[in-house]
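Visitor: Below are the sequence and a predicted model for it; my questions follow.
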Amino acid sequence: MKIFYSETHRKHQPPFEVFDGGKRVPYLENTDRMDRILTAIEKTDWTELTPPADFGLDPILAVHDSGYIAFLESAWREWLILDPEVSSSPEQNAFLPATFALRRNPRVPSTLLGKAGYYIMDLSACIVAGTYEAILSSANCALSAAKSVISDRSSAFALCRPPGHHAGKDYAGGYCFINNSSVAANWLSAKGKVAILDIDYHAGNGTQDIFYERSDVLTISLHGDPDFEYPHFIGYADETGAGAGLGFHRNFPLPKGTGDEGYLSALDEALKLIRDFAPNYLVVPTGMDTFDGDPLGTFKVTRAGFAEIGKRIAALGLPTAIIMEGGYANAALGENIVTLLENFKS
């Protein structure tokens, strides 16, 4: 199995994030996550670590607002100009807004901090000096996996960091800046019908935002019920698409404590929807934060559960681009993702 990975992700290492209640904590979406996965991959004999190709901005701009991408590219430089003291200790600083847009009357402000509040939805999407370079590299990993599943007619894994499924058309959030899975799926949609099956613990709100009015890409997300879980305002069962996309989006919000049995039951229903849709390609935003003991999740999925999840998805027999999303129980992260991936090896 080809695994697309770039060391460029290390340039994105915010020194902190802000949790609910205003608690400042070390950044959970960190480089250690990738190191744990790489260590586990190195123990296998069926993986091929491959650098991503550079696809340029066009596939990204086909999904994301150009003003938003321009903001991501220039935000850190502009922040240094506005606050020169940051230059003396950039490793201790991250750029975040203090005011957030309600989005009831969309208007993009002209100032940097105004734009930040418009384009960033929470306090985990921290921008540092290397963020933009890292997010482009992450998107290229996803696009390279998508290209690989076409050319090889098999599955590929994009070891993406930063992750992407919380990033909408014109906003960042939940550690995500560019929606890697959506960029890959949109690129694939020019070649045939695509289904997205999001198995991260948190709702794929950004993916829902991007494809909500489209019928050529079926989007499905299994996740913690947003009534109690991030992202709170999207991911409910009655959100099923709009316009041409009505009926082409499905959310499966699941209760706290969901374990292997409950998760696999919902997965089987989702897989039936995919079979009925009959796509040419499958994109799987893959988070291991459904794992029992993950610090950002409440599910109880076991490693044996991940093996069965992988087995059932692979049984679809579709060329599949698996895109890395969340998972923060770092000690178990590598073995968990390898347990899922080995079901897709050719």
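Guide: Happy to help now that I have it.

Visitor: in the stretch 151-300 of the chain, which spans are helices?
Guide: Secondary structure of the stretch 151-300 of the chain, counting by DSSP state H, counting those that start in this stretch: helices at 180-189, 205-211, 260-277.

Visitor: Of all these, which one is nearest residue 289?
Guide: Closest of the helices of the stretch 151-300 of the chain to residue 289 is helix 260-277, at 12.5 Å (criterion: Cβ to Cβ). The C-beta positions use only the backbone N, C-alpha and C, and glycine is treated the same way.

Visitor: So which elements touch the closest one?
Guide: When contacts are defined as 3 or more Cβ pairs under 8 Å, 6 or more residues apart in numbering; DSSP states H and E, helix 260-277 sits against strand 194-198, strand 217-224, strand 249-254, helix 303-314.

Visitor: Deepest-packed of these, please.
Guide: Highest mean neighbour count among those (mean count of other Cβ atoms under 10 Å): strand 194-198, with a mean of 28.

Visitor: Name every strand pairing with that strand and say which way it goes.
Guide: Paired neighbours of strand 194-198 in the sheet (DSSP bridges): strand 217-224 (parallel), strand 281-286 (parallel).

Visitor: Nearest to residue 145 among these would be which one?
Guide: strand 281-286 (8.7 Å).

Visitor: Look at the closest residue to residue 6 other than its chain neighbours and give its secondary structure.
Guide: Spatial nearest neighbour of residue 6, excluding adjacent residues (Cβ to Cβ, 6 or more residues apart in numbering): residue 137 at 4.4 Å. With DSSP: H, G, I helix; E, B strand; the rest coil as the basis, residue 137 sits in helix.

Visitor: Go ahead and confirm residue 137 touches residue 8.
Guide: Yes - if you go by Cβ atoms under 8 Å, residue 137 and residue 8 touch, sitting 3.8 Å apart.

Visitor: neighbour-wise, which of those two wins?
Guide: residue 137 (24 against 19; other Cβ atoms under 10 Å).

Visitor: List the contacts of the more buried one.
Guide: 6, 8, 9, 52 (Cβ atoms under 8 Å, 6 or more residues apart in numbering).
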